[in-house]
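Visitor: Test case, fold it:
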Amino acid sequence: MSKQAGDGRRETGRRRRGRLDDARPLRPRTSARSRGVRVVYVACEGESTEPDYLQYLNEQFGEGGDHDRPPFRIQPVYRKNGMSPLRVVEAVREIAGEDEAWALFDRDQWDEIPAAIRVAAEARIEIAMSHPSFDLWLLLHFQPFGGAQSGSSKLVVEKLRRAAGTDAFKDYDKRDDKRDDKSVRHARRDALKGRETKAVANARRLVASCPHGLCTPVNAMTEPIGRDSPAQSPWQWSARSGHHEDCPVLGRDPSTDVWRLLTSLGIRTDGG
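Guide: Numbering: from 1, shown residues only. A predicted model of the protein is given here:
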């Protein structure tokens, strides 16, 4: 990036510091720690698609076991009607305390993203931005994608509905549908299964093909970093995505950093 730079309610009903009004549920933390489970708080801009996908990761991969990958549990942090990118970062900072934390948000038409990254860098909250939207990450499970979208998800969604193997997504985000058509459940989860390797590879290619010219996924950082680690500048923190420090974050079009979350969790994406 250039040098500009949860919401949660426990099932027990007990409030914890930083919980926001109109929050969404989080499972208790103590039982996970006692079993040695890695707990990762992930705040989301959206209230449906991203939390559904995170729960899919919990159910599909959270138990660990393959290739000595330790178990994990993602704690989704989200709010009815969604949150802005800056609020996403603030929410996970409040909820997670000193625990591992990630912020998922979209480029869309937001202008506050540099400010959100600045706060995330100060708090050592990992960033997973999708440009133009999280829908791009879903599409990359089925096919590559390229071409600047200028914050619009229209073409991405159209391709997701029509891509080979995506029958479950044919009604995705159709506003005249009465059900929650941006959910990632049931048949849509089944359609994603086993395609993680393809999605990660396609996302990494987008980093490599960034118009900036000096971006490469080889430089991406995926190892967990402590919340008490030395502070980094916003552009250094943003470069953990593999994009160059001088690559303007709002110009990474198209791109998605969600692949880093999977890699960080130890989900094998190399076909092994």
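
Visitor: okay, CA-based contacts and neighbour counts for the rest of this
Guide: OK.

Visitor: so where is the stretch 151-272 of the chain shaky, pLDDT-wise?
Guide: Applying pLDDT under 70 to the stretch 151-272 of the chain flags residues 176-180, 269-272.

Visitor: 50 instead, please
Guide: Across the stretch 151-272 of the chain, the stretches falling below the confidence threshold (pLDDT under 50) are 271-272.

Visitor: Show me the helices in it, by range?
Guide: Ranges of helices within the stretch 151-272 of the chain are 154-162, 187-192, 196-208, 234-238, 258-264, based on DSSP state H, counting those that start in this stretch.

Visitor: Among those, show me which one is buried the most.
Guide: helix 234-238 (a mean of 23; mean count of other CA atoms under 10 Å).

Visitor: Which neighbouring elements make contact with that helix?
Guide: Packed against helix 234-238 by the contact rule (3 or more CA pairs under 8 Å, 6 or more residues apart in numbering; DSSP states H and E) you find helix 113-123.

Visitor: So what are the sheet partners of the helix or strand following the helix it packs on and their directions?
Guide: On the C-terminal side of helix 113-123, the nearest following helix or strand under DSSP states H and E is strand 126-131. Using DSSP bridges, strand 126-131 pairs in its sheet with strand 100-106 (parallel), strand 255-256 (antiparallel).

Visitor: Just send the helices of the stretch 151-272 of the chain back as TSV, with distance to Asn58 too.
Guide: Listed next are the helices of the stretch 151-272 of the chain as TSV, based on distance: least, CA to CA, whole Å:
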stretch	distance to Asn58
helix 154-162	23
helix 187-192	12
helix 196-208	14
helix 234-238	26
helix 258-264	11
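
Visitor: circling back to that earlier point, got a markdown table for the strands paired with strand 126-131, with distance to Ala203 and mean neighbour count too?
Guide: Shown next, in a markdown table, are the strands paired with strand 126-131 (distance: least, CA to CA, whole Å; neighbours: other CA atoms under 10 Å):
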| stretch | distance to Ala203 | mean neighbour count |
| --- | --- | --- |
| strand 100-106 | 15 | 26 |
| strand 255-256 | 6 | 31 |
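
Visitor: Before I go, just wanted to say thanks for your time.
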